[in-house]
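**Student:** Sequence first, predicted model second:
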Amino acid sequence: MSKITTELLLERAVPKSTRLRKIETLNLSKLQLKTGDLDPRLFSRLRHLQKLDLSDNLLDKFPNSLTLPDLRVLNCNNNQLEDVTALKQFPLLEELNYENNGYLTLNDDYKVMFLLQNLRLLNGKDITKLANHVRRVNSRKLTSKVTAHWEEFFRDQLPEKYTAEQVKSIKKKFLKSVQTNVVYGPSSLSEFTRWRVKMIAEEFLTCSLGLELNTDTETEENMDENEEESAESSKEAAEEEAKVTVTPRKRKRNSSKSRFGRKKSKSKAKTEKESVPRNSSQEEDDPAPDKATASNEPAEEATPEQGDEGTHKNGEQFPKGQSNRRSSQLTGEQKSQEQDNGVVNLTPVRNSKGKEDFSAEPLHFLQCHSKGNSREDFKTQLWSCVFEPLLDCAPRKDPIVSCSRTVATCGGESVCLIDCETGVVLKKYKVATEEFFSVAWTTLPMVLSDSRKKSHNILAAAGRRGIVKLIHVAADFCYGEIKAHKKPIATVCFSPTRETHLFTASYDKRIVLWDIGIPDCDYNFKASQLLVLECLSVPLRIALVPTCPEQYLLAGCEEGCFTWNIKLEKEDKTRPFEASFKFPDEEGEMSTSHRVDGLAFLNDDVVVSKSSKPGCIYLWSWSWSFDTKGKGSQRTVSAVILAELEWSTTDLSYLTLSTCPAKLHVFCGDEKGSVWIYHLSNYTTAWSSAKGKHSDKRIPPTQILKWPELRANGDHLSEVYINNVITDPTFTYLVALTSVNITAIWKKS
């Protein structure tokens, strides 16, 4: 549709008006508006506008200069907003609604409460008391902590007579230190706390010490912007030679603006998008969604696309000159180095015996989820990947798939199937209005036209729209969809014992069990809702207990770790959690207040989970922990910790972990682009006889795969975050998904 015009504004005024300056109430909902459609010059003429409805559009942010001086009520529900700080331009705002914006979290609620001094109602709730606490008590506490941090660590570093360079250096060190070390309130508000601490620290240096910071800050930001614009220009000039090249040496960090993911797209903890994977949602309770429905109609928008990195619609490979094979991307000098060394070893950490646990050859670095197939897209977040299972029937004609080298990846608007050995993008499915967060495989005995049954792999993909896409991969056909939730779906998984049972975990604070049915030869199917599990906060990761997958489900959530009884024989179809698990906090006290953003089983009993406690991954016993519940009626139990794994000290969220049970390995990426690998076969015997006792010494990684230097058209890719990392069951291939639209594939050599 066309952009907003004067005629449209007059038509949508309530009541209709003949002059823009007379409009007080304006309804611009359900117009598919994007941010670029909000023309500041046109909106500046709405001088007396008091109520504005922008709900059910496609806005990802607000322009900074809409100039609505009298705006009191704003509704922007059901959009794609990633940031709320631009709302400070409406100082008289009293009522604000932004529900169903998947990237916005509780941290954003606190930001608007601080920025908008007159705000009384937020998403329909009276926040007057809480807002006053945020503006006064919270600010006073943080100011005290910031001041104390300066006095203790930095006051003596500044000489009586200082130069501009000394001021700049002190400022940089202080801002970094204070944001890292000043902690206040629950971990779920850590992003808001860092945001306020930085603001308070800058005010402190400017006002209390007379250090002028704004000019320097703006200069640095402008320099970054100029550098980025220059890089974009050079990329455009070299479009014909656009390649990602790899240099096998340790990646250097720089101070440019970070890129981060699921909600990584809005701040350092979200890409500043850090994927509702970001990707977090509102913490307010939401009304129950309408009854979810299943559609038998093929989803027309989810069709196979030509792979922008090496395939046609039918999976044919491009000529080798256009392939993304790593060997074709190396410079002559790098090829020579490879020939000398045999393979490229990425500086692994040595184990206690001084030997490498294994060497890994970096095979491919693929940019196959680009928005609009743009080679300039290094912002799309990649979230989930899973290897295609082997079929029980006779091997397929396609040797790539039958060898189980195929991995499904998702991020942005697309789902890709990649052959790990060749780097060929076999198939690609796109939904222009979607952002995919999770994929899962199942194998269904589909009925053929001659009434015979044959097993086929089905891929389920879901994300921001709350819809599950069902894709018959062999037929290149998305045969249906399930409208599962009204809010984004964080993760999905199939039952290992019942192939049609699919669990969907959503930002509506519900986990739903579906029976997706088996499609007939015409792809007619019937999906039904079997069970609803109620959560106290957003579920981020889910896992079925291996020893009883039809009885218990475990979930890591924004505010804790919980388990539910999922036996279908029970009458109640909507159930609260059966038990919550406590873990040590930073002071060593047992607490349920943790964001658990990593969760997987290492074997039938050992659970691996990553919480908001920096630098630590827990291994704990499901059976010993859950058995304690039987000794009383308590709903909260302490996790029986078996061991702790040493990991990055970052407090960034949504960097998830995975396991390889067959090889007893744990994998987790970090904020520096590295993959931490733990081989734990030597510890399992000791755990089985430990009876809940564990050493205070953390287990170090067996190896760390360092991220190599990557160049795109000559420019370094900086600030790479590993959002997810998995291996195939035999630990032959390792696949890492990043915050910069790169899928990295290593092969064990």
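**Tutor:** Structure received. Numbering: from 1, shown residues only.
**Student:** So, low pLDDT: which residues of the stretch 451-600 of the chain?
**Tutor:** Within the stretch 451-600 of the chain, no stretch has pLDDT under 70.
**Student:** contacting residues around L189?
**Tutor:** Going by C-beta atoms under 8 Å, 6 or more residues apart in numbering, L189 touches L106, N107, Y110. C-betas here are computed from N, CA, C, even on glycine.
**Student:** Quick one: neighbours of Q179, just the number.
**Tutor:** Using other C-beta atoms under 10 Å, Q179 has 17 neighbouring residues.
**Student:** Hmm, I typed the wrong one, I wanted A712.
**Tutor:** A712, neighbours per other C-beta under 10 Å, totals 21.
**Student:** returning to what we had before: can I get the buried part of the contacts of L189 as one ChimeraX selection?
**Tutor:** A single ChimeraX command selects the buried members of the contacts of L189 (16 or more other C-beta atoms under 10 Å):
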select :106,107,110
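**Student:** Just to be careful, could you list which of the contacts of L189 are in strands?
**Tutor:** Nothing among the contacts of L189 maps onto strands, per DSSP state E.
**Student:** Need the contacts of L189 in a markdown table (columns: distance to W647 and pLDDT).
**Tutor:** Formatted as a markdown table, the contacts of L189 follow (distance: C-beta to C-beta, whole Å; pLDDT from 0 to 100):
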| residue | distance to W647 | pLDDT |
| --- | --- | --- |
| L106 | 25 | 85 |
| N107 | 23 | 87 |
| Y110 | 28 | 93 |
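**Student:** got the contacts of L189 as CSV, with distance to N123 columns?
**Tutor:** What follows is those, written out as CSV (distance: C-beta to C-beta, whole Å):
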residue, distance to N123
L106, 11
N107, 14
Y110, 13
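**Student:** Tell me where the protein has helices.
**Tutor:** Shown for the chain, the helices assigned by DSSP state H span residues 6-12, 40-43, 106-115, 128-132, 139-153, 164-181, 190-203, 214-237, 332-341, 399-402, 622-627, 684-688.
**Student:** The second one: which residues count as buried?
**Tutor:** For helix 40-43, a neighbour-count test (16+ other C-beta under 10 Å) marks L42, F43 as buried.
**Student:** who's in contact with that helix?
**Tutor:** Against helix 40-43 from outside (C-beta under 8 Å, 6+ apart): I4, T5, T6, L9, P63, S65, L66, T67, L68.
**Student:** I'd like to know how many residues surround the first one.
**Tutor:** Residues within reach of I4, counting by other C-beta under 10 Å, total 17.
**Student:** For it, list the residues it contacts.
**Tutor:** Counting by C-beta under 8 Å, 6+ apart, I4 touches L28, L33, D37, L38, D39, L42.
**Student:** of all these, which comes closest to L205?
**Tutor:** L38 (34.9 Å; C-beta to C-beta).
**Student:** what's the spacing between T409 and W746?
**Tutor:** 15 Å (C-beta to C-beta, to the nearest Å).
**Student:** Check the contacts of helix 40-43 against Y162 and report the nearest one.
**Tutor:** Once C-beta to C-beta is applied, the member of the contacts of helix 40-43 that ends up nearest Y162 is S65, at 36.4 Å.
**Student:** Could you tell me how many residues sit around the closest one?
**Tutor:** Counted with other C-beta under 10 Å, residues neighbouring S65 total 11.
**Student:** pretty sure it contacts Q89?
**Tutor:** Yes: judged on C-beta atoms under 8 Å, S65 makes contact with Q89 at a distance of 7.1 Å.
**Student:** Take the contacts of helix 40-43 and keep only those in strands.
**Tutor:** Going by DSSP E, the strands hold none of these.
**Student:** Just the buried ones among those residues, please.
**Tutor:** By neighbour count, with 16+ other C-beta under 10 Å, the contacts of helix 40-43 hold I4, L9, P63, L66, T67, L68 as buried.
**Student:** list the contacts for the second one?
**Tutor:** Shown here is L9, whose contacts under the criterion C-beta under 8 Å, 6+ apart are L20, I23, L26, L42, L46.
**Student:** So which of those are in strands?
**Tutor:** L26.
**Student:** Of the contacts of L9, which is the nearest to V675?
**Tutor:** Checking the contacts of L9 against V675 by C-beta to C-beta gives L42 as the nearest, at 49.5 Å.
**Student:** Please tell me the pLDDT value assigned to that closest one.
**Tutor:** On pLDDT, L42 comes in at 90.
**Student:** go on, K335?
**Tutor:** Looking at K335, its pLDDT is 33.
**Student:** Next: L81.
**Tutor:** Reading off the confidence values, L81 has pLDDT 90.
**Student:** so it touches N101, yeah?
**Tutor:** Yes: taking C-beta under 8 Å as the definition, L81 is a contact partner of N101 at 4.3 Å.
**Student:** Who is P584 paired with across the strands?
**Tutor:** M590 (DSSP bridges).
**Student:** In JSON lines: the contacts of helix 40-43, plus pLDDT and distance to E671.
**Tutor:** Listed next are the contacts of helix 40-43 as JSON lines, based on pLDDT from 0 to 100; distance: C-beta to C-beta, whole Å:
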{"residue": "I4", "pLDDT": "89", "distance to E671": "40"}
{"residue": "T5", "pLDDT": "91", "distance to E671": "45"}
{"residue": "T6", "pLDDT": "90", "distance to E671": "48"}
{"residue": "L9", "pLDDT": "91", "distance to E671": "45"}
{"residue": "P63", "pLDDT": "87", "distance to E671": "31"}
{"residue": "S65", "pLDDT": "84", "distance to E671": "34"}
{"residue": "L66", "pLDDT": "85", "distance to E671": "35"}
{"residue": "T67", "pLDDT": "82", "distance to E671": "38"}
{"residue": "L68", "pLDDT": "91", "distance to E671": "38"}
